[in-house]
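Trainee: this is a predicted model, with the sequence first.
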Amino acid sequence: VKELFFFLKLQKKIVEDIKMTCPDKIILVDYPGFNLRLSKSLRAFYVLPIVYYISPQFWAWKEKRIKYIKKYISDLVVIFPFEVPWYKKRNIKVHYFGHPLVDLYQKKPIKNKSVCVGLFLGSRKQEIKNHSPVIKKVIVGLQKKINDVFFVIGSLKKENEPLAEKLGLKNNYKIVCDSFQAFDES
């Protein structure tokens, strides 16, 4: 709530900028709380294509908000293969792009590890806070079932050691901040 005026002002500025520049197409990326409201504002005066990349995860929560996609978005670009049939079943024009992190982290396995699990908790503090308890349960479950499990934590900050500790990881993890670091031989 304390950020409400900031986001309202930002939305107004974006709409003004779009009116001034008259683009041929608008591409919204992620952040459904902001971008769905923005798309509604844009549709009030524009009929140009609005593409949404990294669709809201309606299949996981708040499915009723799919009405915004139907009403305000021209094309939806998704990152998970299962999303295509899910959205098509709901009569949404959808395209599969793939997850941008898959190519980065699936190049080569960590040496001498029986199972390597990638953990991507998100980039925003609220995402990390909300995802951490669920991820910790998954980690505990995997550690009980697999003797030699290793975790790679994708993070924006190298100094995320407290997060690893909070997740219950001791020495069976590595924090990576780029595509090359995860796959070195050490």
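Mentor: Received the coordinates, thanks.
Trainee: how close does the closest residue to Leu10 other than its chain neighbours get to Glu83?
Mentor: Among residues not flanking Leu10 along the chain, Phe34 sits closest, at 7.8 Å (Cβ to Cβ, 6 or more residues apart in numbering). Placement of C-beta: from N, CA and C, glycine included. Phe34 sits 20 Å away from Glu83, going by Cβ to Cβ, to the nearest Å.
Trainee: with Lys166 instead?
Mentor: On the measure of Cβ to Cβ, Lys166 and Glu83 end up 30 Å apart.
Trainee: those two: which has the busier surroundings?
Mentor: Glu83 (19 against 14; other Cβ atoms under 10 Å).
Trainee: the more buried one against Val94, yeah?
Mentor: Yes: with contact defined as Cβ atoms under 8 Å, Glu83 counts as touching Val94 (7.0 Å).
Trainee: overlap in contacts of these two?
Mentor: Ser55 (Cβ atoms under 8 Å, 6 or more residues apart in numbering).
Trainee: where in the protein is pLDDT low?
Mentor: Applying pLDDT under 70 to the chain flags the ranges 1, 100-113, 156-161, 178-186.
Trainee: can you give me the neighbour number for Phe45?
Mentor: Neighbour tally, Phe45, other Cβ under 10 Å: 10.
Trainee: one more: Pro56?
Mentor: Neighbour tally, Pro56, other Cβ under 10 Å: 22.
Trainee: change the start of the numbering to 522 and stick with it
Mentor: Done: numbering now begins at 522, and the last item shifts to Pro577.
Trainee: those helices in the protein, which residues are they?
Mentor: Listed in chain order, the helices of the chain (DSSP state H) span 525-542, 553-564, 587-593, 604-610, 623-626, 646-666, 682-687.
Trainee: neighbouring contacts of the longest one?
Mentor: Applying Cβ under 8 Å, 6+ apart, the external contacts of helix 646-666 come out as 636, 638, 640, 642-643, 670, 672, 684, 687-690, 693.
Trainee: go again with 10 Å.
Mentor: 636, 638, 640-643, 645, 670, 672, 674, 676-677, 681, 684-685, 687-691, 693-694 (Cβ atoms under 10 Å, 6 or more residues apart in numbering).
Trainee: go on, the last one?
Mentor: With contacts defined as Cβ under 10 Å, 6+ apart, helix 682-687 is touched by 640, 642, 649, 653-654, 656-657, 660, 672, 674, 676, 678, 681, 690-696.
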